[in-house]
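S.K.: kindly return the folded structure for what I paste below:
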Amino acid sequence: MRKILFAATACAALAMVSPLWAAGTGGGGGGGGFPSDSAPQYDPVKEYANGIAALQAQNFKAARTAFDRVLASAPRDANTNFLAGMAREGLGDWKGARKFFEKATRIDPGMTNAWRELGISYARLGDRPNAEATLVTLRGKAESCAKTCPTAAEIQGAIDAVSAALAAAPVASFIQNKSLLFASAAKGDALYLDAVGLINDRRYEDAIATLKKAQASFGPHPDILTYLGFAHRKLGQFEIAESYYLAALAVAPNHRGATEYYGELMVERGDLAGARQKLAVLDAQCRFGCAEAEELRRWIAAGHSPHS
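M.R.: Here you go, the predicted structure:
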């Protein structure tokens, strides 16, 4: 396997939430300059940061606008759907919030915070059957966790909050507990570095868990999405890997790392024609050659990983 190439300087770009079009490359690639007309109208990473700042300031209208802009290019980002729901919750729009919490739990069934707010929103809307069903789901998670997993306290807190909402008791808003909602950029940067190290050590499951934590700081950053795709691919989870590569390219269409790795996935699936199309994209981007194009060229020539 080619060694993953991210250095601390690339991670510093994450911490500063720099524009995607000038940001790092995810897997040693990356397209400088503004992408084609297919690029998002807004920088999703910057808008994600704007949304978090607005939530912290309890400017819920601005937060709603920012997260909706992120979702226009990254509709399946669970964190953003959750936060879009929180913005609507802050505005008292429980019906609108519920829709985003539902979507967040569908995308990431392990997102306890989303289950918590979903159960509360059902209770606030008078939908007792669904609130109770959410409580059953949370209790099932608690039973599976057996009070020993890292999220045991979080799950129990969610059970208590939904139970209180069903009893029409006051429930503290997550927005007021910033440590639960927001991870600092410095923490996200450290998590990202840890994840790259885990990938280099081929500890892919641990890397996936760490990358998802980093997403809480940076949202749908294409470098994080690309590495999530890479790690899932190495675990043989090709459909999940493809979804992350597509998400990365939706956010940053000229992202060379995502393009290369997506092409490699196509080779592994036996889709050499598709891989050649990705190579053509890279050749067009890299007029004077680049490592991503040459690596994918080697994969296509071999018909499999040239390093195996």
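S.K.: contacts for stretch 71-80, please.
M.R.: The contact list for stretch 71-80, computed with CB atoms under 8 Å, 6 or more residues apart in numbering, reads 40-42, 44, 48, 51, 67, 70, 81, 84, 104, 107-108, 111, 114, 215-216, 219-220, 243, 247, 250-251. No exception for glycine: its C-beta is placed from N, CA and C like everyone else's.
S.K.: make a PyMOL selection of the buried ones in the residues you listed.
M.R.: For selection in PyMOL, the members of these meeting the burial criterion (16 or more other CB atoms under 10 Å) are listed in this command:
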select buried, resi 40+42+44+48+51+67+70+81+84+104+107+108+111+114+215+216+219+220+243+247+250+251
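S.K.: number of nearby residues for residue 126?
M.R.: Using other CB atoms under 10 Å, residue 126 is surrounded by 8 other residues.
S.K.: and it, what's its pLDDT?
M.R.: Note for residue 126: predicted pLDDT of 94.
S.K.: phi and psi next, for it.
M.R.: Residue 126 has phi and psi values of phi 80, psi 10 when expressed as degrees, to the nearest 10.
S.K.: low-confidence ranges in the stretch 151-300 of the chain?
M.R.: For the stretch 151-300 of the chain, the stretches with pLDDT under 70 are 170-186.
S.K.: cool, the stretch 1-150 of the chain as well?
M.R.: Confidence mapping of the stretch 1-150 of the chain against pLDDT under 70 gives the ranges 1-41.
S.K.: so which bits of the longest helix seen in the chain are buried?
M.R.: Secondary structure assigned by DSSP state H gives helix 128-145 as the longest helix of the chain. Judged by neighbour count using 16+ other CB under 10 Å, the buried positions of helix 128-145 are 130-132, 134-135, 137-139, 141-142, 145.
S.K.: circling back: give me the subset of the contacts of stretch 71-80 that lies in helices.
M.R.: Cross-referencing the contacts of stretch 71-80 against helices under DSSP H gives 44, 48, 51, 67, 70, 81, 84, 104, 107, 114, 215-216, 243, 247, 250-251.
S.K.: looking at these, which is nearest residue 57?
M.R.: For residue 57, the nearest member of those is residue 51. The distance, counting by CB to CB, is 10.8 Å.
S.K.: contacting residues around the closest one?
M.R.: Counting by CB under 8 Å, 6+ apart, residue 51 makes contact with 62-63, 66-67, 70, 80, 83, 87.
S.K.: buried members of those into ChimeraX, please.
M.R.: A single ChimeraX command selects the buried members of the contacts of residue 51 (16+ other CB under 10 Å):
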select :62,63,66,67,70,80,83,87
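S.K.: just to revisit the earlier point, of the ones in helices among the contacts of stretch 71-80, closest to residue 269?
M.R.: Here the nearest of the ones in helices among the contacts of stretch 71-80 to residue 269, counting by CB to CB, is residue 243; it sits at 14.1 Å.
S.K.: any idea how far that closest one lies from residue 74?
M.R.: Residue 243 sits at a distance of 11 Å from residue 74 (criterion: CB to CB, to the nearest Å).
S.K.: same check, this time on residue 251
M.R.: Distance of residue 251 to residue 74, computed by CB to CB: 6 Å.
S.K.: mutual contacts of those two, please.
M.R.: Common neighbours of residue 251 and residue 74 are listed as 44, 220 (criterion: CB under 8 Å, 6+ apart).
S.K.: the helices in the stretch 201-308 of the chain, which residues?
M.R.: 204-218, 222-234, 238-251, 256-268, 272-285, 291-302 (DSSP state H, counting those that start in this stretch).
S.K.: quick revisit: what does the longest helix of the chain contact?
M.R.: Contact partners of helix 128-145, identified using CB under 8 Å, 6+ apart, comprise 112, 115-116, 118-120, 122-123, 151-152, 155-156, 158-159, 162-163, 165-166.
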